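Colleague: below are the sequence and a predicted model; questions follow.
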Amino acid sequence: MSFTFVDLFAGIGGFHGALSALGGKCVYASEIDEKASRVYLRNWGLMPDGDITKSANDINMDVPEHDVLVGGFPCQPFSKSGKQLGMEETRGTLFWNIAQIVKIRKPKIVLLENVRNIAGPRHEHEWKIIIKTLRTLGYRVSEVPFVVSPHKIHPLNGGRPQVRERIFICATLIPLNTKTDKSDPGLPNIDSFYSEWDINSWVLSRHLPTEKRISKSLLGEYKVSHQENLWIDAWDDFVRSFRREFPDEKLPGFPIWVDSWVDIKTLKIPRNAPKWKKSFLLKNSEFYTSHKAFLKTWLKKWDNLSNFPPSRRKFEWQGKDCNSIDETILHLRPSGIRCKPASYAPALVAITQTSIIGKSRRKLTVREAARLQGFPEWFDFLDQPKSLSYKQLGNAVNIGVVYNVLKAQIMRDIDLLENDDILVTQILSSPLDPYQKIMEFGDHNIRTKEKVSQRHLRVVS
């Protein structure tokens with residue numbers, strides 16, 4: 001027997017991968033995006049239900065009984081009428097539908113994921129409602145945000161070289177007639193997965209790993225464009241030249257704005273400029289004034305970056321002691337070009353800002369992006385555009401993080417779960433590394449893929 005779980009706002013199945021590796025069986029999934037559902041069906045053999053608001057409300061409850069409820073739910077503003085901090089304030093939001101399922105089905109475990117900002121000042125009201133609602137429904141849950149990132153987890157425990165800080169809400173049902181302190185239980189203890197790993201030990205080429213052999217046809221799709229290469233070349237020349245000219249000096253750690261390079265004597269800072277902007281304007285002016293001859297020579301060599309768009313005239317060096325961009329991984333961001341050591345990657349995002357491997361002058365492949373999120377080698381994206389696969393991966397939850405967070409939640413609340421041998425035994429006896437188990441699914445899932453109806457796998461227009 002297996003414990004059962006439902007996968008809400010399922011995307012392409014990050015939660016599914018983690019809970020399957022822990023021994024669970026998915027009995028229901030929900031995802032409103034048809035293209036993501038198509039990938040989910042292809043790989044996990046289950047077609048997600050569509051709009052959760054129609055499947056779980058105060059009239060219908062199509063979600064079956066289950067032991068564990070998981071989901072990366074969208075954060076929406078709640079009503080503030082009266083500020084009662086009760087469940088009614090969640091009505092009209094997707095969290096209300098989650099709460100309806102929890103209220104009726106009473107899963108033993110609720111594990112929700114969201115961006116870090118959900119516990120920030122702008123969403124303080126929403127955060128308090130979420131915690132109070134879960135406690136009112138009979139769950140033990142901490143009001144302290146539980147922030148976890150895959151790059152801090154040891155690779156032997158399923159860690160991945162990606163900075164991706166996400167908040168997890170770990171709620172465990174308090175059985176009836178159970179005497180327990182209902183005050184804040186504290187966060188699950190994930191230290192054992194963290195403590196023995198130094199984040200500076202990541203090497204992207206080895207731990208991801210990056211693909212060594214890419215066909216010429218595919219390589220052409222991932223290579224940076226001629227224009228992008230020109231931007232990178234210019235700033236690579238800046239880094240290398242600065243290192244030679246000023247060997248005892250560090251490169252600026254603040255964002256460099258070429259359009260703000262003026263002598264300190266002529267600097268004029270607008271009175272109404274925000275504090276952060278005033279600081280950057282001042283720092284750029286001081287940097288320019290101190291290195292004027294060098295910077296003028298560099299600018300002249302590159303035609304003053306006159307053909308560069310404004311966002312490529314900005315540069316942020318986080319490369320520490322790297323001697324060139326070739327030793328970094330970089331992002332072409334709307335706010336500028338950002339470089340950091342090729343150890344762990346920046347967070348995948350749901351827009352086209354794919355990381356670029358400096359040495360290869362190519363973007364991370366879809367397979368490499370999938371590895372960053374912990375998806376197995378047999379996982380595929382059918383015939384859809386690469387841009388869509390990147391978007392889906394940017395929206396996905398990291399499999400290794402979920403795997404370890406749920407283990408830690410079970411250990412924290414073992415006193416509430418001691419009568420559930422199946423759930424506790426399966427999860428706590430699972431391998432240290434989730435990928436050991438996920439890879440075993442490969443042969444079975446390949447057979448499942450062959451049986452999946454082509455009617456469901458048609459290209460969604």
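Modeller: Happy to help now that I have it.

Colleague: excluding its backbone neighbours, what's nearest S389?
Modeller: F381 (4.3 Å; C-beta to C-beta, 6 or more residues apart in numbering). Backbone N, C-alpha and C define where each C-beta goes, glycine included.

Colleague: repeat that for W261.
Modeller: Nearest residue to W261, sequence neighbours excluded (C-beta to C-beta, 6+ apart): Y288, at 3.9 Å.

Colleague: now swap in L406 and tell me
Modeller: Closest to L406 by C-beta to C-beta, 6+ apart is L111, at 5.9 Å.

Colleague: what does the domain assignment say about the chain?
Modeller: Domain segmentation of the chain under automatic domain parsing yields 4-200+393-451, 212-364.

Colleague: so which of those domains is the most packed in?
Modeller: domain 4-200+393-451 (a mean of 19; mean count of other C-beta atoms under 10 Å).

Colleague: now do that domain: distance to the chain's middle.
Modeller: Averaging C-alpha positions (C-alpha atoms, centre = their mean, to the nearest Å) puts domain 4-200+393-451 14 Å from its chain's average.

Colleague: now swap in stretch 268-278 and tell me
Modeller: Centroid separation for stretch 268-278 versus its chain: 33 Å, with C-alpha atoms, centre = their mean.

Colleague: got any ranges where the stretch 51-200 of the chain has weak pLDDT?
Modeller: Scanning the stretch 51-200 of the chain for pLDDT under 70 picks out 76-92, 180-183.

Colleague: show me where it has its strands.
Modeller: Using DSSP state E, counting those that start in this stretch, the strands of the stretch 51-200 of the chain run over 68-71, 109-115, 139-140, 146-148, 166-173.

Colleague: for the third one, which strands pair with it and how are they oriented?
Modeller: The reference is to strand 139-140. The strands beside strand 139-140 in its sheet (DSSP bridges) come out as strand 166-173 (antiparallel).

Colleague: how about residues contacting the strand it pairs with?
Modeller: Applying C-beta atoms under 8 Å, 6 or more residues apart in numbering, the external contacts of strand 166-173 come out as 106-116, 118-119, 130-131, 134, 138-142, 145-149, 187-188, 397-398, 401, 405, 408-409, 412-413, 416-417.

Colleague: how does it look with 7 Å?
Modeller: With contact meaning C-beta atoms under 7 Å, 6 or more residues apart in numbering, strand 166-173 is reached by 106-116, 118-119, 130, 134, 138-141, 145-148, 188, 405, 409, 413, 416-417.

Colleague: can you give me the angle it makes with strand 109-115?
Modeller: Going by axes from the mean of the first three to the mean of the last three C-alpha atoms, to 10 degrees, strand 166-173 is angled at 160 degrees with respect to strand 109-115.

Colleague: pull strand 166-173 out as PDB, backbone CA atoms only.
Modeller: This file holds the C-alpha atoms of strand 166-173, laid out as PDB (Å, rounded to 0.1, in the frame of the first residue of the first chain):
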ATOM      1  CA  ARG A 166      11.000  29.600  -1.700                       C
ATOM      2  CA  ILE A 167       8.700  29.600   1.300                       C
ATOM      3  CA  PHE A 168       7.000  26.300   2.400                       C
ATOM      4  CA  ILE A 169       4.000  26.100   4.700                       C
ATOM      5  CA  CYS A 170       4.100  22.800   6.600                       C
ATOM      6  CA  ALA A 171       0.700  22.000   8.300                       C
ATOM      7  CA  THR A 172       0.000  18.700  10.100                       C
ATOM      8  CA  LEU A 173      -3.500  17.600  11.200                       C
END
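
Colleague: against P252, how distant is the residue of the chain positioned farthest from its centre?
Modeller: Computed with C-alpha atoms, centre = their mean, the residue of the chain farthest from its C-alpha average is K265, at 44.3 Å. Distance from K265 to P252, counting by C-beta to C-beta, to the nearest Å: 20 Å.
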